[in-house]
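Novice: could you work out the structure for the sequence below:
(chains A, B, C and D)
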Protein chains: 2
Amino acid sequence: MTDEEPRGIRARARAELLRDVSRIARSHLAASGAAELSVRAIARELGLASSALYRYYPSRDALLTQLIIDTYDELGAAVEGAEADVDRSDVAGRFAAICHAVRDWARANPHEYALIYGSPVLGYAAPDDTIESALRVARVLIVLAADIDPSGPLLRSRAPLDPTLAEQLAGANDLAGVDADLDVLALGVELWAQLFGFVSFELFGTFHNAFDPADALFEHQVAMAIQAFGLDR
Amino acid sequence: MTDEEPRGIRARARAELLRDVSRIARSHLAASGAAELSVRAIARELGLASSALYRYYPSRDALLTQLIIDTYDELGAAVEGAEADVDRSDVAGRFAAICHAVRDWARANPHEYALIYGSPVLGYAAPDDTIESALRVARVLIVLAADIDPSGPLLRSRAPLDPTLAEQLAGANDLAGVDADLDVLALGVELWAQLFGFVSFELFGTFHNAFDPADALFEHQVAMAIQAFGLDR
DNA sequence: ATGGAAACGAGAGCACCGCTCTCATTCGTT
DNA sequence: AACGAATGAGAGCGGTGCTCTCGTTTCCAT
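Specialist: Numbers count the residues shown, from 1 in each chain, chains lettered A, B, ... in the order given. So this is what the prediction gives:
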């Protein structure tokens, strides 16, 4: 399955160079943000002519796309790991762990966070290659939603779910191979948006001067979400 | 108060040119996004040398900052207008109007939305000049929070508010010159983040293929928020 | 009214960018 | 051994933000 040892010297060198480019690009990204990331600067640091890099990446956007995928995967791994460390029966704890993992990772990697959750830098519409990695966090949340008892004191809509929405939520279930209650799922999607809305506000400066240490507000928000799920008892 | 008629020919020309630059910049922004906005292109369209524009704006970032302020003001005006059209006693309707105004404006002006709520393109930390305009939407929400009855079936935290958070929320009250209940305010801030998290997810492609028409999900989210406020009866 | 100061626009130029093209070299395969 | 593919260097194109200089125009104060 794994092709750890490429056939020739050339293949090995190519793999190594791809890794080097990725590493340097990530360090530049972390240091200055996606807008400042320059193919020429990476080539300079590698001791190569800038044109040589175009043997490996067709364009700067393709390089950025690779970075986006790596970044989604890193956040996904962080969230999956944090959630897995919690006792399966502690559903509220698992949810809190996910929330804190997202926020902690984002605060530790602000430029990386901005790359994937800020305004799309590329043309528009994220390339399809990214969606699989982008779904990792969502998938963890959907699996968690399947473990929530829908008959509890859940904050649910009074009206029945809109059929279009129900269909879309069922698609989310399919995505994770579970069968979560659709009311739970709808609430979950909204709290998902809330989580990333909060982190974006905090990182992008919207909370500046108002909630400067936003820790207390975040704790409150997580507690309220757990309560909305009916998980607090 | 207003200096509609500047003293000399020069001042008038300057004011007009500033308006022209702003107009052209906005059209370029709407057409291609902030990253593609170029001082040289604006100068070209004005029939000026690019260096001439530096008599008016010290840098491209300063020009962008002006655009950001204008954009915050435009969104703020849209939200204020939509909210003002609703009967004062219909608090739920006012909240829904705010939510829809934000989403509708964002969908009509995606690049402008990305400019102010996407990753900060400039260095970091938004310039102080922008915060006043940025607060207009928040202020409408805070004023609305003051009209919500905290003794109703509000979704509130079981534990008393963290003192730091309470102080920050009191600061929000000061900002709008009202005295909203702090539990209402905390929930309001979180639903504020939820609103913009939703719109960002929708516009930036996170919902792609999952909630492609996100209308039903949005209606559901607004309904749930109204319910969390205890406004649904 | 007439200086001088300030504002202004044009143009050249610097250092950078993404990207393409050509050309020589090196490697892998037949 | 020979040929084709992969590779890297270098020059170059058109673009960017920004600076500096230089002549001109406007304004303001004497």
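Novice: spatially nearest residue to residue A:100, not counting backbone neighbours?
Specialist: Spatial nearest neighbour of residue A:100, chain neighbours left out: residue A:82 (7.0 Å); criterion: Cβ to Cβ, 6 or more residues apart in numbering or on different chains. In this view, the C-beta of every residue, glycine as well, is placed from N, C-alpha and C.
Novice: check residue A:223 too.
Specialist: Excluding the flanking residues, the one nearest residue A:223 by Cβ to Cβ, 6+ apart is residue B:157, at 5.6 Å.
Novice: residue ranges with poor pLDDT in chain A?
Specialist: Within chain A, the segments meeting pLDDT under 70 span A:1-7, A:121-126.
Novice: just checking, the residue nearest to residue A:223 touches residue B:182?
Specialist: No - assessed by Cβ atoms under 8 Å, residue B:157 is found out of contact with residue B:182, at 10.2 Å.
Novice: the more surrounded of these two?
Specialist: residue B:182 (21 against 18; other Cβ atoms under 10 Å in any protein chain shown).
Novice: now the nearest residue to the more buried one once chain neighbours are set aside: phi and psi?
Specialist: Using Cβ to Cβ, 6+ apart and skipping the chain neighbours, the partner closest in space to residue B:182 is residue B:169 (4.7 Å). Per-residue torsions, residue B:169: phi -70, psi -40 (degrees, to the nearest 10).
Novice: OK, contacts around residue B:169?
Specialist: Going by Cβ atoms under 8 Å, 6 or more residues apart in numbering or on different chains, residue B:169 touches B:161, B:182, B:185, B:186, B:189.
Novice: on that earlier part again, how about the residue nearest to residue A:100, what does it touch?
Specialist: By Cβ under 8 Å, 6+ apart, the contact list for residue A:82 reads A:97, A:98, A:100, A:101.
Novice: looking at those residues, which is nearest residue B:41?
Specialist: Nearest to residue B:41, judged by Cβ to Cβ, of the contacts of residue A:82 is residue A:101 at 42.5 Å.
Novice: what strand or helix carries the closest residue to DNA strand D within chain A?
Specialist: Scanning chain A for proximity to DNA strand D using Cβ to the nearest atom of the strand identifies residue A:51 as nearest, at 2.8 Å. Assigned by DSSP states H and E, residue A:51 belongs to helix A:50-53.
Novice: output the contacting helices and strands for that helix.
Specialist: Applying 3 or more Cβ pairs under 8 Å, 6 or more residues apart in numbering or on different chains; DSSP states H and E, one finds that helix A:50-53 contacts helix A:39-46.
Novice: contacts for the helix it packs on?
Specialist: With Cβ under 8 Å, 6+ apart as the test, helix A:39-46 has contacts from A:17, A:20-21, A:24-25, A:28, A:49-50, A:52-54, A:57, A:60, A:63.
Novice: which ChimeraX command selects the buried ones in these?
Specialist: The buried subset of the contacts of helix A:39-46, as determined by 16 or more other Cβ atoms under 10 Å in any protein chain shown, is captured in ChimeraX by this line:
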select /A:17,21,24,25,28,53,57,60,63
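Novice: gap between residue A:84 and residue A:101?
Specialist: 10 Å (Cβ to Cβ, to the nearest Å).
Novice: residue A:75 now?
Specialist: 8 Å.
Novice: immediately after whatever helix or strand the residue nearest to residue A:100 lives in, which helix or strand?
Specialist: Element membership for residue A:82 (DSSP H and E) is helix A:60-84. Next helix or strand after helix A:60-84 toward the C-terminus (DSSP H and E): helix A:91-108.
Novice: centre of the chain to the following helix or strand past that following helix, how far?
Specialist: Counting by DSSP H and E, the next helix or strand C-terminal to helix A:91-108 is helix A:110-117. Chain-centre distance of helix A:110-117: 9 Å, with Cα atoms, centre = their mean, to the nearest Å.
Novice: now for helix A:110-117, which elements pack on it?
Specialist: Where contact means 3+ Cβ pairs under 8 Å, 6+ apart, helix A:110-117 is packed against helix A:9-32, helix A:60-84, helix A:91-108, helix A:182-204.
Novice: for those helices, give me a markdown table that also has distance to DNA strand C.
Specialist: Converted to a markdown table, the helices and strands packed on helix A:110-117 look like this (distance: least, Cβ to the nearest atom of the strand, whole Å):
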| stretch | distance to DNA strand C |
| --- | --- |
| helix A:9-32 | 4 |
| helix A:60-84 | 3 |
| helix A:91-108 | 25 |
| helix A:182-204 | 24 |
